[in-house]
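Engineer: Sequence and predicted structure below; questions after.
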Number of protein chains: 2
Amino acid sequence: MNPGNLHQKKPLAKTNDSNLHRKLAQSIGNQILTGVYAPGAILPNEADWCRIYGASRTTVREAVKTLNAKGLLKSRTKIGSRVEPRENWNILDRDVLSWHIAAMDPREFFASVQQVRKILEPEIAALAAANRTAAQLRTITQAFEDMRSAKRGRDSVEPDVRFHLALLAAANNALLSPFGIMIESALTNMFEFTSTHNAEPDIFIPRHENILKAVARANPKAARRAAQILLDDTDTTIAGFSKAAKAKKPRKS
Amino acid sequence: MNPGNLHQKKPLAKTNDSNLHRKLAQSIGNQILTGVYAPGAILPNEADWCRIYGASRTTVREAVKTLNAKGLLKSRTKIGSRVEPRENWNILDRDVLSWHIAAMDPREFFASVQQVRKILEPEIAALAAANRTAAQLRTITQAFEDMRSAKRGRDSVEPDVRFHLALLAAANNALLSPFGIMIESALTNMFEFTSTHNAEPDIFIPRHENILKAVARANPKAARRAAQILLDDTDTTIAGFSKAAKAKKPRKS
DNA sequence: CAATCGTTATTTGTATGATAATTAAGGACT
DNA sequence: AGTCCTTAATTATCATACAAATAACGATTG
């Protein structure tokens, strides 16, 4: 269960993120997400981590607290830290999600994401149409304009993300906001993997425009439909990429 | 921005949860959720917290790390800790959600929850019908049986929660799992506030049974419809309670 | 005057070493 | 077989340093 050699320091990844305890949290978090430590397993104790990473106990403890706070661990006196069952993990946490993505087959991840997006985004669009304020509409509109003027390529990612997040904010339901991270990650990573983001900007721009118009008209049904159509097109893009990339990535379990 | 008197120790709530850093995190978290420290505000620095709570800096720092990990804060050298904008909060985290509930008007909270439940639960039921394993079906069935034999009152809460969580697990999409906490909290708190949980168990039991049957038959459409019907009944129950409780709770901002 | 460049002060970050509290596990005694 | 006590392992807390980052200020200079 423990790594074979406790006395050999870990390389600690390449992140520029200068905090040591953050790096430790990332390293340990990655190991949990990749299954090095499975749910139910007891992790090395604090003294072990100190030796493994060559860090002080203070720092190790802060990293462990971070992972506790994200639901990955539960620490108890005399027991140590036990990995929590997956359903307790805060998967929509920014860090946890990024570790999760790193540990997964990208195609699987996109499939999960699209499933959730298809459930939520049409309803988010409908809620936005119903509940948006004037200011929120302006934010959505601005994002759309920026997306249109960027036209294609990497520059269109940021306004595209902003558009969807603005829509989410306009839905005015705090319980939905964690999905912002998922949406952001999905759109950004889609670019990373397809490296073309929107294969056909000439199609995607009007699709977004239809959502915008429906939200501007305060027409929930139309907004819902427009969002569904955009998502179907996105599915098509992913399917194309997925087929093209099929040869790679065998992956274990 | 800071509380008037830094040198007067906080009472630190009544939780039996024996960890000091956990108590600090709860206390500070509560203050953030109730708006004592609004998004964008700089919190007292670590030395201040030490004085306020009479705790060591180590402990204070662990509490602050916890809140950082939940997206409530971001700490930077020489700046201190700044409250993050609401959309970055991990609202579906168990702790954050409980602080949120404590800080909100219960009726508002239920309205938000029901809105999300109505979006997700029918689709969760449909996914469960489509993707469930045999073992998952057994878990759902068991929960239902326990719920039926409990019949009414407080005893029916736990199996009811278990039923919905089992359904969620059977949907087999990790990105949906954070909602388990919301569902759990919604059902549990509904009991706390109505103190009758299901007003009419004779209605709710068959409603749940219909979901179970549809999932057993692997019929997504029927499962979706059955879940919608249950939620509509739940709405009715809440509406009744909400009307009855209208006189109370003026609440400030 | 405006802009640049050090200097300083404040705050978080990391380290060390000690003690306390919790509790699983094993042993002693019925 | 069960109950109670002791022990040991581990996290929890504390106190005290020093390091590192950087915002704020002020001096210097073009």
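Structural biologist: Arrived safely.
Engineer: Find the closest residue to DNA strand C in the stretch 101-250 of chain A.
Structural biologist: Across the stretch 101-250 of chain A, the shortest distance to DNA strand C (CB to the nearest atom of the strand) belongs to residue A:181, at 21.3 Å. Bear in mind the C-beta positions are built from the backbone N, C-alpha and C, glycine included.
Engineer: go on, the stretch 1-150 of chain A?
Structural biologist: Closest to DNA strand C within the stretch 1-150 of chain A is residue A:20: 2.7 Å, counting by CB to the nearest atom of the strand.
Engineer: which one is that residue nearest to, not counting chain neighbours?
Structural biologist: Computed as CB to CB, 6 or more residues apart in numbering or on different chains, the closest residue to residue A:20 that is not its neighbour in sequence is residue A:59, at 5.3 Å.
Engineer: For the one you found, list the residues it contacts.
Structural biologist: A:20-21, A:24 (CB atoms under 8 Å, 6 or more residues apart in numbering or on different chains).
Engineer: got it, and residue A:64?
Structural biologist: A:25, A:28, A:46, A:49, A:73, A:75, A:81 are the contacts of residue A:64 under CB under 8 Å, 6+ apart.
Engineer: What separation do you get for it and residue A:86?
Structural biologist: Counting by CB to CB, to the nearest Å, the separation of residue A:64 from residue A:86 is 19 Å.
Engineer: Excluding chain neighbours, give the residue nearest to residue A:119 in space.
Structural biologist: Going by CB to CB, 6+ apart, residue A:119 has residue B:123 as its nearest residue, at 4.6 Å.
Engineer: separation between that neighbour and residue A:55?
Structural biologist: From residue B:123 over to residue A:55 (counting by CB to CB), the distance is 44 Å.
Engineer: And for residue A:127?
Structural biologist: Using CB to CB, residue A:127 is found at 46 Å from residue A:55.
Engineer: More neighbours: these two, which one.
Structural biologist: Taking other CB atoms under 10 Å in any protein chain shown, residue A:127 and residue A:55 do not tie; residue A:127 has more neighbours (24 against 20).
Engineer: Can you tell me what sits against stretch A:66-83?
Structural biologist: Residues contacting stretch A:66-83 (CB under 8 Å, 6+ apart): A:21-22, A:25, A:28-29, A:32, A:37-45, A:64, A:84, A:88-90, A:93, A:95-96, B:25, B:65-70, B:93-95.
Engineer: now stretch A:138-147
Structural biologist: With CB under 8 Å, 6+ apart, stretch A:138-147 has contacts from A:128, A:132, A:156, A:158-160, A:162-163, A:166-167, A:169-170, A:205, A:208-209, A:212, A:215-216.
Engineer: Now a ChimeraX select for only the buried ones of those.
Structural biologist: Burial among these is assessed by 16 or more other CB atoms under 10 Å in any protein chain shown; the matching ChimeraX selection reads:
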select /A:128,132,156,158,159,160,162,163,166,167,169,170,205,208,212,215
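Engineer: For the stretch 1-150 of chain A, give me the ranges with low pLDDT.
Structural biologist: Where the stretch 1-150 of chain A drops to pLDDT under 70, the residues are A:1-16.
Engineer: Not counting its neighbours along the chain, what's nearest the residue of chain A found nearest chain B?
Structural biologist: With CB to the nearest CB as the measure, residue A:69 is the residue of chain A nearest to chain B, at 3.5 Å. Closest residue to residue A:69 apart from its sequence neighbours, by CB to CB, 6+ apart: residue B:69 at 3.5 Å.
Engineer: and what of residue A:174?
Structural biologist: Setting aside the residues directly before and after it, residue A:174 is nearest to residue B:91 in space (CB to CB, 6+ apart), at 5.7 Å.
Engineer: thinking the one you found is in contact with residue A:180, fair?
Structural biologist: No. Using CB atoms under 8 Å, residue B:91 is not in contact with residue A:180, being 10.8 Å away.
Engineer: Count the residues that sit near the residue of the stretch 1-150 of chain A closest to DNA strand C.
Structural biologist: 18.
Engineer: now the residue nearest to residue A:119: how far from residue B:229?
Structural biologist: From residue B:123 over to residue B:229 the distance is 15 Å, taken as CB to CB.
Engineer: Repeat that for residue A:24.
Structural biologist: In terms of CB to CB, residue A:24 sits 49 Å off from residue B:229.
Engineer: What residues does the stretch 1-150 of chain A have near DNA strand D?
Structural biologist: A:18, A:43, A:45-47, A:57-58, A:61, A:64, A:75-81 (CB under 7 Å from any atom of the strand).
Engineer: at 10 Å instead, please
Structural biologist: Contact residues, the stretch 1-150 of chain A versus DNA strand D (CB under 10 Å from any atom of the strand): A:18-20, A:42-50, A:56-58, A:60-61, A:64-65, A:68, A:73-82.
Engineer: quick one, helices of the stretch 51-200 of chain A?
Structural biologist: Using DSSP state H, counting those that start in this stretch, the helices found in the stretch 51-200 of chain A span residues A:57-69, A:94-103, A:106-131, A:134-150, A:157-170, A:179-194.
Engineer: Any chance you could give me the fourth one in CSV, C-alpha atoms only?
Structural biologist: Below are the C-alpha coordinates for helix A:134-150, written out as CSV (Å, rounded to 0.1, in the frame of the first residue of the first chain):
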residue,chain,number,x,y,z
ALA,A,134,-30.1,44.1,-17.2
ALA,A,135,-26.5,44.2,-16.0
GLN,A,136,-26.2,40.4,-16.4
LEU,A,137,-27.5,40.7,-19.9
ARG,A,138,-24.9,43.3,-20.7
THR,A,139,-22.2,41.0,-19.4
ILE,A,140,-23.5,38.1,-21.6
THR,A,141,-23.7,40.4,-24.6
GLN,A,142,-20.2,41.7,-24.1
ALA,A,143,-18.8,38.2,-23.9
PHE,A,144,-20.6,37.3,-27.1
GLU,A,145,-19.2,40.4,-28.9
ASP,A,146,-15.7,39.5,-27.8
MET,A,147,-16.2,36.0,-29.0
ARG,A,148,-17.4,37.2,-32.3
SER,A,149,-14.5,39.6,-32.8
ALA,A,150,-12.0,36.9,-31.8
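Engineer: Chain B contacts on the stretch 51-200 of chain A?
Structural biologist: When proximity is defined as CB under 8 Å from any CB of the partner chain, the stretch 51-200 of chain A approaches chain B at A:58, A:61-62, A:65-71, A:86-87, A:89-95, A:100, A:112-113, A:115-116, A:119-120, A:123, A:127, A:165, A:169, A:173-178, A:180, A:182.
Engineer: Filter these down to the buried ones.
Structural biologist: Neighbour-count burial (16+ other CB under 10 Å) applied to those gives A:61-62, A:65-71, A:86-87, A:89-95, A:100, A:112-113, A:115-116, A:119-120, A:123, A:127, A:165, A:169, A:173-178, A:180, A:182.
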